[in-house]
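Dropping the sequence and predicted coords here.
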Amino acid sequence: MSDELKPCPFCGKQFEIQWHGMGYQLIHESEDCILQTQNGQGWTYGNKNKLARMVNTRPVEDALRSELAAANQRAERPEHFAAGRGSVSEAADMQEGAVLVVGLQDRAEQAEAQTIAHLMGEAKRISTEHGWWATDRNDGEMIALMHSELSEALEALRHGNPPSDHTPDFSGVEEEMADVIIRVLDYAAARGLRLGEALVAKMKFNETREFKHGGKKF
């Protein structure tokens, strides 16, 4: 069964699905992966094919949110099963599937936040090693420098967006946008900001907003 499953999107190691008496379990033996569970054993699920489809669905975040919404909608309709349009076992499978989706979604969001935290640390380490934090820097200066990178991206566009002088495999705009992010990461690390968690939370909030945020022109 493991040959039919895509590898873990976080660590690249393989999943397995095994029967454990009460249902099928997702097995993932990787000590340093965000999806690692006790003794390598994961969630119990009633339907092997559905579990395999969940593991193989990509991109993880979009697919799992869709599955979660569908599972929650079905689980909130007990009359569907009472009327004979579904079985009790199907209802249990849907509820177990919803738990699996929530668990994977939460872990995916944790991994996203941890990735940002890692990049913050790297940006701060590099800038410190090159002398930019020999003394503390004021907030206005740091934010102004973020603005300056966006201005440089605009200048690159004005000149036809040629390849970057420093990273010639990328365009000038790509390099300057990377510089914007690097400066944000560096600043966030220096000030102890929870940037990764805030990014995940704000994107989730934006999903709930009205079209064009209620009629804004731009």
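Arrived safely. Owing to the predicted nature of the structure, the values given are computational and were not obtained by experimental measurement.

what's the weakest-modelled helix or strand in the chain?
Least confident helix or strand, the chain: helix 78-82 with a mean of 54, by mean pLDDT, DSSP states H and E.

burial count for Met54?
Residues within reach of Met54, counting by other C-beta atoms under 10 Å, total 20. C-beta here means a position set from N, CA and C on the backbone, and glycine is covered the same way.

Show me what the helix or strand hosting it packs onto, helices and strands only.
Taking DSSP states H and E as the definition, Met54 sits inside helix 48-56. On a contact count with 3 or more C-beta pairs under 8 Å, 6 or more residues apart in numbering; DSSP states H and E, helix 48-56 meets strand 16-19, strand 24-27, helix 60-75, helix 88-129.

which of these has the lowest average pLDDT?
Here the lowest mean pLDDT among these goes to helix 60-75, at a mean of 63.

Domain ranges for the chain, per the record?
Here the domain parsing of the chain from automatic domain parsing is 2-111, 136-215.

which SS state does Asn206 fall under?
Using DSSP: H, G, I helix; E, B strand; the rest coil, the structure places Asn206 in helix.

Centre-most residue in this protein?
In the chain, the centroid-proximal residue (C-alpha atoms, centre = their mean) is Glu112; its distance is 4.0 Å.

Now do the same contact list for that residue.
Gly196, Leu199, Val200 (C-beta atoms under 8 Å, 6 or more residues apart in numbering).

Ranking by neighbours, what's the top pick from those residues?
Result: Gly196 is most packed of these (other C-beta under 10 Å), 22 neighbours.

so what pLDDT did that one get?
92.

Contacts for the one helix or strand it maps to, please.
Per DSSP H and E: Gly196 is located in helix 195-207. With contact meaning C-beta under 8 Å, 6+ apart, helix 195-207 is reached by Glu109, Glu112, Ala113, Gln114, Thr115, Ile116, Ala117, Met120, Val184, Leu185, Ala188.

Which positions in stretch 200-215 come out as buried?
By neighbour count on 16 or more other C-beta atoms under 10 Å, the buried set for stretch 200-215 is Val200.

Quick one: residues in contact with stretch 127-138.
Lys124, Asp186, Ala190.

could those residues go into a markdown table alongside distance to Tyr24?
Formatted as a markdown table, the contacts of stretch 127-138 follow (distance: C-beta to C-beta, whole Å):
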| residue | distance to Tyr24 |
| --- | --- |
| Lys124 | 44 |
| Asp186 | 46 |
| Ala190 | 47 |
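
Compare those and tell me which is most surrounded.
Asp186 (25 neighbours).

mean confidence score for stretch 140-147?
Mean predicted lDDT for stretch 140-147 stands at 97.

Okay, buried residues for it please.
Met142, Met146.

Please apply the same query to stretch 7-25.
Those buried within stretch 7-25 under the rule 16+ other C-beta under 10 Å are Cys8, Pro9, Phe10, Cys11, Phe15, Glu16, Ile17, Gly23, Tyr24, Gln25.
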